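Asker: below are the sequence and a predicted model for it; my questions follow.
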Amino acid sequence: MNKRTFLKVCSAALTSRMISPLLASSDSKLKNWAGNLEYSTEKQYSATSLKNIQEFVRNRRSLKVLGTRHCFNNIADTTSEFLSMKATDQVVALDPSARTVTIESGMTYGQLCTYLDSRGWALHNLASLPHISVAGACSTATHGSGEKNGNLSTAVSAIEMVNAAGEVIKLSRSRDGNMFRSAVVGLGALGVITKVALEIQPRFMMKQYVYESLPLSELREQFDAIESSAYSVSLFTDWQEKRINEVWLKIRESDEPTFDAPAQFFGAKRATRNLHPIVALSAENCTEQMGVPGPWYERLPHFRMGFTPSAGKELQSEYFVSRQNAVDAILAVERVREKVGPHLLISEIRTIAADDLCMSPCYKQASVSIHFTWKQDWPAVQTLLPMIERELTPFHVRPHWGKLFTIPATELRARYERLPEFVETCRRYDPHGKFRNKFLNTYIFGNPTGSA
Ligand SMILES: Cc1cc2nc3c(=O)[nH]c(=O)nc-3n(C[C@H](O)[C@H](O)[C@H](O)COP(=O)(O)OP(=O)(O)OC[C@H]3O[C@@H](n4cnc5c(N)ncnc54)[C@H](O)[C@@H]3O)c2cc1C
């Protein structure tokens, strides 16, 4: 079907002006943010009211929901039709006594943070950049850093979604126990999340310090001390020369004991200017460092709100290992540094607290994540991933749901003890596989050809 015919069909099919087709511009296909994935259809709709979302879902045999398209793999892809949630981005309610904020699911963290901060509230943590949708991020267990900080989905206290039958389902942590814990990191498999309620806390101030060149020997001996030295710790490395290039420490001003920013930190030197994680790049787009106090949402991400990155020429992979295996896993990657180096932009090592969400890579496991930002050369990266995954096999790694990996489906499925329960939850809300795609059929249902 060409675009003109498609538009006609769309207009005829529209049950209301609230559902509108969105077309990729004529010279470019619909792609993910990084541009490494061309989605398998250009048919994209936008719906704004709950009633229209219900109608849209009822009238489709197959669809996928799109957030801000920041996943690097095909978890969001479909050959049928997309429902974009971008236009649903309003705050629904702020409840200071319950300490929750309820938002529409297309809202980004960037939008939410300024709203919350201006009213005296904050979230517990943020990812490296604020441009991602809250529902899309929570659906893939997106995380920041900090050994006491769970991933972003641990802040979810309730969700509203439209299931495959077009019914409105409400699940909350306090009322729905296991079902809620199974649904929160839902991988887009259960329905259209329309609203998300998040736990909030009073706004807080932070400072950020960066240290350069931490010897790998210090990391090996002092990993726990390093990781517990700040509210959020990120280690950036190119794996060369037996050192961590940069240590980013994000400190809550109220934290005790106070971090007094010594000139030396486990053998690393305090930076004398703001730095980008890749030292050769300008720090203009990075959040303020050098101990300058600022609000939580301007220190927790590495990149500034006001800076909207264009499509990034990069690929990303990330692997979670249990905290107790962190040092061995880091050293295992370091052993293959010569192969990794030429294709890498930068790696980041972060800590994440254990949680109780069935499909979270940190389920019942305090974790360390080893992240790779690659140059955008998939043929090369595709050959490196199996090698890294082999090195990490003894540690039963779980990959990030939204990034690139090559771990075989059978192995991956075996690493999620609550997978059978999640599959049951999927069948309950989507018995005929309306929200399934190749990714879900392969990694969740173990049936790449995809019959429900
Ligand atoms: C530059 C960059 C930096 C990143 N930094 C981090 C980081 O610091 N930490 C980290 O953990 N990850 C990070 N990521 C990964 C990113 O957070 C995840 O891929 C996240 O899922 C992106 O959210 P999205 O809305 O763009 O999702 P999309 O790619 O749009 O969708 C992801 C999944 O969520 C589902 N989904 C989206 N919205 C809904 C909805 N309303 N209802 C039901 N299902 C829905 C989709 O169907 C799909 O299955 C980064 C990615 C990029 C590109």
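Answerer: Here it is on my side, so go on. Numbering: from 1, shown residues only.
Asker: where in the chain is pLDDT low?
Answerer: The chain contains residues with pLDDT under 70 at 1-18, 23-28, 308-311, 451-452.
Asker: what parts of it come near the ligand?
Answerer: Contacts of the chain with the ligand, taken as Cβ under 6 Å from any ligand atom, map to 33-34, 64-71, 75-76, 85, 105, 127-129, 132-133, 135-137, 139-140, 142-143, 187-188, 192-193, 312, 400, 402. Where you see a C-beta, it was placed from the backbone N, CA and C, and this is true even at glycine.
Asker: helices of this structure, residue ranges please.
Answerer: 3-13, 50-58, 109-118, 134-139, 173-183, 216-227, 326-334, 337-340, 378-392, 409-414, 419-429, 438-443 (DSSP state H).
Asker: return the most buried member of those helices.
Answerer: helix 134-139 (a mean of 27; mean count of other Cβ atoms under 10 Å).
Asker: quick check, the residue in the stretch 151-300 of the chain closest to the ligand?
Answerer: At 2.5 Å from the ligand, residue 188 is the closest residue in the stretch 151-300 of the chain, using Cβ to the nearest ligand atom.
Asker: how far away from the center of its chain is stretch 116-129?
Answerer: Put simply, stretch 116-129 sits 16 Å off its chain's centre (Cα atoms, centre = their mean, to the nearest Å).
Asker: what about residue 258, how many residues nearby?
Answerer: 10 (other Cβ atoms under 10 Å).
Asker: cool, and the one 10 residues further on?
Answerer: By the measure other Cβ under 10 Å, the count of residues near residue 268 is 23.
Asker: for it, list the residues it contacts.
Answerer: Going by Cβ atoms under 8 Å, 6 or more residues apart in numbering, residue 268 touches 211-215, 218, 244, 247.
Asker: beta-bridge partners for it, please?
Answerer: When assigned by DSSP bridges, residue 268 has beta-bridge partners residue 265.
Asker: how much space between it and residue 219?
Answerer: For residue 268, the distance to residue 219 (Cβ to Cβ, to the nearest Å) stands at 10 Å.
Asker: also residue 275?
Answerer: 19 Å.
Asker: then residue 161?
Answerer: Distance from residue 161 to residue 219, by Cβ to Cβ: 42 Å.
Asker: do the same with residue 42
Answerer: 47 Å.
Asker: go on, residue 113?
Answerer: Taken as Cβ to Cβ, the span from residue 113 to residue 219 is 31 Å.
Asker: how about residue 241?
Answerer: Counting by Cβ to Cβ, the gap from residue 241 to residue 219 is 13 Å.
Asker: give me the contact list for stretch 285-295.
Answerer: So stretch 285-295 is contacted by 117, 122, 203-210, 248, 253, 261, 271, 273-277, 283, 298-304, 307, 309 (Cβ under 8 Å, 6+ apart).
Asker: what about the strands in the stretch 251-400 of the chain?
Answerer: Assigned by DSSP state E, counting those that start in this stretch, the stretch 251-400 of the chain shows strands spanning 264-265, 268-270, 294-295, 315-322, 344-352, 367-374, 398-399.
Asker: direction included, what does the third one pair against?
Answerer: So the one you mean is strand 294-295. With DSSP bridges as the test, strand 294-295 pairs up with strand 205-215 (antiparallel).
Asker: chain center to the strand it pairs with, what's the gap?
Answerer: With Cα atoms, centre = their mean, you get 23 Å for strand 205-215.
Asker: list the buried ones in it?
Answerer: By neighbour count on 16 or more other Cβ atoms under 10 Å, the buried set for strand 205-215 is 206-212, 214-215.
Asker: what do you get for stretch 241-254?
Answerer: For stretch 241-254, the neighbour count (16+ other Cβ under 10 Å) marks 243-252 as buried.
Asker: strands - which of the residues you listed land there?
Answerer: If you go by DSSP state E, these have 243-252 in strands.
Asker: identify the farthest-apart pair in those residues.
Answerer: Pairwise distances across those peak at 27.4 Å for 243 and 252 (criterion: Cβ to Cβ).
Asker: list the contacts for the most centrally placed residue in the chain?
Answerer: Nearest to the mean C-alpha position of the chain, by Cα atoms, centre = their mean, lies residue 142 at 2.7 Å. Contact partners of residue 142, counting by Cβ under 8 Å, 6+ apart, are 127, 132, 151-153, 402.
Asker: please redo it, this time with the cut-off set to 10 Å
Answerer: By Cβ atoms under 10 Å, 6 or more residues apart in numbering, the residues touching residue 142 are 70-71, 109, 126-128, 132-134, 136, 151-153, 185, 400-402.
Asker: now swap in residue 337 and tell me
Answerer: Residue 337 touches 237-242, 344, 347, counting by Cβ under 10 Å, 6+ apart.
Asker: equivalent analysis for residue 363, please.
Answerer: Residue 363 neighbours (Cβ under 10 Å, 6+ apart): 141, 181, 185, 320, 354-357, 398, 415-418.
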